[in-house]
Each structure stands twice: as C-alpha cells, then as structure tokens.
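J.: Sequence first, then the predicted structure, then my questions.
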Amino acid sequence: MNSTTTKSQEFAEYSSGLLSDYVTAIAWSTDGNTLAATSAAGEVVMWNHDDLVTLQTGNGKSVDCIAFSPDGKFLAVAGQDGQVKIWQGDELIATLDNAPAWVDKLAWNHTSNQLAFSLGRYVQVWDADTNDIVVTLNFDNSSVLGIDWRRDGQYLAISGYQGVKIWHTQDWDEEPYILSMSTVSVAMAWSPDGKFLGSGNMDRSVTLLEWGNPDPWVMRGFPGKIRQLAWSEATTSLGAPILASSSVEGVVVWEKLEDDSLGWEARVLTNHVEVINAIAFAPQSFLLASAAADGWLCLWNNAQEVSQILTGVSAGFSCLAWHPQSNYLAAGGEQGELLIWSKVLSD
C-alpha cells in the first residue's frame, strides 16, 4: 500500500436481533442513527438504538434490496412481489406496483431523491419529491444485473449481458455510452471519486474503465465469476482509490500503478474457506470487511492482512454494511441473524 499505514481497529459485539429467514440486505441511514434490514420471508425492519421496529411482517415473498435516500428522508425496498415501497419514518407513503416483475435492484441518486430500480430488461427512475416516473431506460441485452449512480449524480450506469450502459442524467434521450464486453457484467460500481467504473464479470475477469479513456483495463485469472466489487473512499499516494473484488472464497485487491501501461497491481487475500457473500471498505479508510458462507466476517487491515475475525451466526453471513462514520459494522446471517459490532475505543 502506497498510503500511510493505519492502526488496526477492533470491534466488539454491540447489539443483535433475529429475523425469521435469510437476511437479504441491510443499509444504514445517512446520519447513522438507523439500520434497516430485509429478509427472504418478506420482513422489513428498522433498528434504532436497540429498538427494533417492524415495518413489514413476513409474507413469504422475498424482499431483496433496500436503500435510504441521500437526505435520509426516505427508505426504499423492493423484491419478489414487484412492489417498490417507500417509507418516510415508519409511514408507508408510496407503493409502485410492477408485478409480475421481480424488482431485485434499486439505487438512489446521490444528489437528489430520484430512485432507479430494475424491471426485467428496463430501469425506471422515480422521483420521490414529485411522485412521478422520470424516465424508463431500455437496457435491452438482458435482465438488469446492476444499477449505480455516479456520486455527482451526472451519470447512471446499468449492467448485464454484454457490458455496461451509461446514461447522462441531464439528457436521458442521449444515446448511452457503452462499455462493451462479450460476457455478463455480474457486479458493477463507480469509484467514489467518479474517475473509474469497475465491472466484475461472468468470464472470471474484471474490467476497469477510467472515465474519459476509451481503452479499459481487463484483468483475468480468477477462480470463478466475480461476485462483488468494493471501492475505497480513501486514496493512495497516487490519488487513486483501491478496488477489492471477490470470487468464490478469495479477495483480490487492485492498486493503480503510476505507469498507466502497467495498469493495476493485484494482491490476493486468502482466509475464507467458503463463498464470500459481501465485501465493503470502511468509509474514508482502507479497512476492508468480507463476510462469507463459512460464518466468518474478516477485517483486513489496510486491505492486506486479517486483523480480526467476527463470528456469531449459526450458518453463514449473507450481507454487511458499514456505519457512515465507521463507528459500527452490521451484518446479516443466512439464518436471520442481525448483528451489530461497535468500534472499541483505544486509550
């Protein structure tokens, strides 16, 4: 790591709860006061300072995605029944019914209350402030597998078979920029600084596009398809973020080299013995968390070595989310466990 090495941080269990089935997704509110979670049984709950409030009881239909709006005002969830539901506090204020479509991807614009969500081969953008559908975008090549807004709100990227299409949000009618590939983009994400777009692919490769440069880097040699990508908000001495990618039970960390022709240098992190289900960097940090089906949540100091292993689920971990100020780390389990750890303050 070219950056300044940070002191290892320890976390201790702080709170726990239990849903009736596999925890499909979790998300913190932007102020960090509330954690929301969804389950394969259809539950939607909010945790707020040890108080677990049920917004929706289980109905047997999986709720698969959840996100708070950037201003913290709205909570959006969607899933198997095709409904996109919007809560304001504990009040359900809107239901967008899209049955029989299974809505398994959604994302808020970082700069406005516009919500993008998948509808088969399409993505719709809904405005929470006006309660209107702003636009319907046709991905065309396949079902949508990924949706991500650039941090400045200027671009919306949608991924699936044959790559990623990127729309300019100031002119939805303009033809999208296409990052073309012969495989399926399984995982896709903009870097927090908006300079890079990463795609983890079915053909065991990672594609990295530097915005404004038409020639992407392609990295190969993974044991399986790339399931997750995670960018750091912190940057190296070159001013570039680092990218973590997971495939089967391994994590590969990519760090940009000074020579563009050499691209990105790989570092392999091995400790898990079963499939990794989630990875994420702590905000403004190189501390990486990885949660796997082996029941281990590993913390990697400086995205290099394991500094702590967190446990507490009866089977495996399904998802994780960092608190916006890194004070807490939350994770969900395959048997419905909802766990929160707090940072241990050192002397």
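T.: The structure has been received and is ready for your questions.
J.: who's in contact with Gly333?
T.: Residues near Gly333 by Cβ atoms under 8 Å, 6 or more residues apart in numbering: Tyr22, Val23, Gly312, Val313, Ser314, Ala315, Gly316, Phe317, Ser318, Leu339. C-beta coordinates here come from the backbone N, C-alpha and C atoms, glycine included.
J.: okay, those residues in TSV with secondary structure, pLDDT and neighbour count next?
T.: Putting those into TSV (DSSP: H, G, I helix; E, B strand; the rest coil; pLDDT from 0 to 100; neighbours: other Cβ atoms under 10 Å) gives the following:
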residue	secondary structure	pLDDT	neighbour count
Tyr22	coil	98	20
Val23	strand	98	29
Gly312	coil	96	14
Val313	coil	97	25
Ser314	coil	96	10
Ala315	coil	97	14
Gly316	coil	98	19
Phe317	strand	98	30
Ser318	strand	98	25
Leu339	strand	97	24
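J.: Just flag the most distant two among those.
T.: Tyr22 and Gly312 (15.7 Å; Cβ to Cβ).
J.: Model confidence score at Glu43, please.
T.: Looking at Glu43, its pLDDT is 98.
J.: and if you look at the one 4 residues further on?
T.: Per-residue confidence for Trp47 comes out at a pLDDT of 94.
J.: which stretches of the stretch 201-347 of the chain form strands?
T.: Counting by DSSP state E, counting those that start in this stretch, the segments of the stretch 201-347 of the chain that form strands are 206-210, 217-219, 228-235, 241-247, 250-256, 264-270, 276-281, 288-292, 297-301, 305-310, 317-322, 328-333, 337-343.
J.: repeat for the stretch 51-200 of the chain
T.: 51-56, 63-68, 75-79, 83-88, 91-97, 106-108, 114-119, 122-127, 132-138, 146-149, 155-168, 177-190, 196-201.
J.: With mean pLDDT and mean neighbour count as new columns, can these be given to me in a markdown table?
T.: Shown next, in a markdown table, are those (pLDDT from 0 to 100; neighbours: other Cβ atoms under 10 Å):
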| stretch | mean pLDDT | mean neighbour count |
| --- | --- | --- |
| strand 51-56 | 93 | 14 |
| strand 63-68 | 98 | 21 |
| strand 75-79 | 98 | 26 |
| strand 83-88 | 97 | 19 |
| strand 91-97 | 96 | 13 |
| strand 106-108 | 98 | 22 |
| strand 114-119 | 97 | 24 |
| strand 122-127 | 97 | 20 |
| strand 132-138 | 97 | 14 |
| strand 146-149 | 98 | 22 |
| strand 155-168 | 97 | 22 |
| strand 177-190 | 97 | 18 |
| strand 196-201 | 98 | 26 |
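J.: Nearest to Ser39, out of those?
T.: Of all these, it is strand 63-68 that lies closest to Ser39, at 6.7 Å by Cβ to Cβ.
J.: Summarise which helices and strands that closest one is packed against.
T.: Applying 3 or more Cβ pairs under 8 Å, 6 or more residues apart in numbering; DSSP states H and E, one finds that strand 63-68 contacts strand 23-28, strand 35-39, strand 75-79, strand 106-108.
J.: Please identify which of these is closest to Ile86.
T.: Of these, nearest to Ile86 by Cβ to Cβ is strand 75-79, at 5.4 Å.
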